[in-house]
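Participant: Coordinates for the following, if possible.
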Amino acid sequence: MNKKTERKTKYNKVKRLKKLRMLLLKKKHQKLKLARLFSVMNATFLVLFIISCNSSYLFNKVFKWIFFIAFVASFIAFIYSIVGYVSIDSDLKLPVKRWIINSITIIYITGCVIFINLLYGPFPKFREWLITTAMETMNHQYLCRIFYNDTYINNLLSSNYILEPNEVMDTDLVKTNKNLFEYDENNEYEVKMFKNHTEDEIYRLIRFKVNGQNAYLAVVYDPAYCEFLASKNVHVSGEYIVDMAKRTNALIAVNGGRFIDPTNKSNGNNPAGVTIQKRKIITDHPIENGMGVIGFNKDNILVLYKNKNAQELLDLGVRDCVTSIPFLIVNGVASFTKGSGGYGYAARTAIGQRKDGVTLILVVDSNETRTNGASMKDLTDIMLNYGAINAAALDGGTSTVMVEKGITISRPINASLRNVTRPVATGLVVNPEKLN
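Facilitator: Numbers count the residues shown, from 1 in each chain. Below you'll find the model as predicted:
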């Protein structure tokens with residue numbers, strides 16, 4: 001064999017080895033692609049199977065077994081692909097593009113694992129927050145029904161509740177005839193309310209944070225300035241609080257009681273329960289779901305009543321009222337909260353009154369995704385800190401808003417996560433002039 005033939009033979013051998021190496025690289029790369037694909041399918045089908053085991057909101061029982069079979073099949077295919085990949089003896093070097101795809105795959109699978117652990121893992125805080133918060137809303141209950149069946153939801157709610165004070169309202173505990181107020185200089189809350197107060201100061205606005213969200217407390221020194229109102233076209237349509245504030249020239253205005261919304265698409269036209277405005281009956285519906293009446297009597301005392309119809313309330317001297325839930329403090333006795341209280345965390349509105357008649361109007365914002373805000377315990381604690389002897393929650397969530405002198409100062413968020421509020425059936429206003 002001459003040198004030319006020898007070189008040719010050697011060249012052909014190297015060429016065959018190179019071709020064989022390229023085939024092995026290609027085959028190993030294909031196995032890696034399949035392993036990546038089946039790992040994603042495996043994680044996805046596992047998530048869908050676990051969700052379908054815990055709720056039939058999205059999938060019926062047939063789909064549960066389809067997801068299980070798909071999970072098993074994808075798992076077997078994944079193992080087969082990994083074994084094939086490892087068995088090919090080749091020094092495969094991944095280009096940057098493939099490293100990025102692999103990283104995305106790992107992030108996706110890790111996300112699936114975290115997602116399942118949050119929903120069904122050994123730590124219950126997240127699912128307690130999700131269920132109690134979602135079930136309190138009118139439009140987003142599906143967010144927990146997707147993942148949990150009604151039995152689980154009801155059991156969890158039954159272990160997270162607020163027990164209202166077992167007290168009968170005693171109006172004699174409140175005296176509303178003071179103009180100037182003595183306060184404890186060592187009490188930071190009373191200092192915020194009363195330091196440098198003068199007789200011509202109708203209200204004072206205190207701002208602070210609750211769970212990282214903005215909170216606004218209007219301290220109204222004389223409750224004769226406070227009044228619950230129905231919307232301008234009650235029974236026909238609700239009214240935006242900012243419009244109600246401008247219509248009445250209110251110094252402060254917030255949303256009021258709850259309203260009937262069976263389809264979750266109400267325009268806020270029909271107040272729930274009993275509504276009285278200027279001693280005129282607006283609604284006299286049966287009061288359901290544990291709700292109670294919140295209003296002011298002729299002596300400007302904040303009153304909280306259960307199981308009273310409109311005429312009985314008029315006989316008790318009620319001048320205006322709305323219906324909501326829950327009562328937070330009655331006769332100085334605070335509500336008892338078990339777990340998260342069952343209402344979750346959301347934008348909140350509440351009203352309270354001190355022994356000296358000073359009325360507290362509280363609004364707490366939610367965050368941009370409506371996943372944070374205040375719990376009922378937060379509201380109770382705030383009212384206690386500022387000395388409330390009686391307090392109750394008004395409607396919250398997408399209804400919550402505070403307007404000062406015609407300008408919205410809180411940050412309402414509606415069901416579409418836009419920074420706007422919704423029309424409501426009733427509101428609470430601080431008038432520029434006393435009612436009596």
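Participant: For the rest of this, base every contact and every neighbour count on C-alpha atoms.
Facilitator: Fine.
Participant: Where does V219 sit: helix, strand or coil?
Facilitator: strand (DSSP: H, G, I helix; E, B strand; the rest coil).
Participant: shouldn't it be in contact with V358?
Facilitator: Yes: counting by CA atoms under 8 Å, V219 does reach V358; the two are 6.8 Å apart.
Participant: next one: phi and psi at C112?
Facilitator: Dihedral angles of C112 (phi, psi; degrees, to the nearest 10) stand at phi -60, psi -40.
Participant: any idea how far it is from I131?
Facilitator: Here the criterion is CA to CA, to the nearest Å. By it, C112 lies 20 Å from I131.
Participant: okay, these two: which has more neighbours?
Facilitator: Remark: of C112 and I131, I131 carries more neighbours, 25 against 17, as counted by other CA atoms under 10 Å.
Participant: State whether that one is indeed within a strand.
Facilitator: No: assigned with three-state DSSP, I131 falls outside any strand and is helix.
Participant: so how many other residues sit close to the nearest residue to it once chain neighbours are set aside?
Facilitator: Setting aside the residues directly before and after it, I131 is nearest to C144 in space (CA to CA, 6 or more residues apart in numbering), at 5.5 Å. Applying other CA under 10 Å, we find 22 residues neighbouring C144.
Participant: Can you give me the pLDDT of C144?
Facilitator: If you check C144, the pLDDT there is 85.
Participant: What residues does it make contact with?
Facilitator: Counting by CA atoms under 8 Å, 6 or more residues apart in numbering, C144 touches 130-131, 134-135.
Participant: cool, and L428?
Facilitator: Contacts of L428 (CA under 8 Å, 6+ apart): 226-229, 253-256.
Participant: Using the three-state scheme, assign it.
Facilitator: strand.
Participant: Can you tell me the closest non-neighbouring residue to it?
Facilitator: F228 (4.4 Å).
Participant: about what we covered before: present the contacts of L428 as CSV; the columns should include distance to N155.
Facilitator: What follows is the contacts of L428, written out as CSV (distance: CA to CA, whole Å):
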residue, distance to N155
C226, 40
E227, 39
F228, 36
L229, 38
A253, 38
V254, 34
N255, 31
G256, 30
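Participant: Derive a ChimeraX selection command for the buried subset of those residues.
Facilitator: Applying 16 or more other CA atoms under 10 Å to the contacts of L428, the buried members can be selected in ChimeraX as follows:
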select :226,227,228,229,253,254,255,256
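Participant: Which members of the contacts of L428 are positioned in strands?
Facilitator: Taking DSSP state E, the ones among those that sit in strands are 226-229, 253-255.
Participant: The lowest-mean-pLDDT helix or strand in the chain: what's the following helix or strand?
Facilitator: Sorted by mean pLDDT, DSSP states H and E, the helices and strands of the chain end with helix 3-54, the least confident at a mean of 74. Reading on from helix 3-54 to the C-terminus, the next helix or strand found by DSSP states H and E is helix 61-87.
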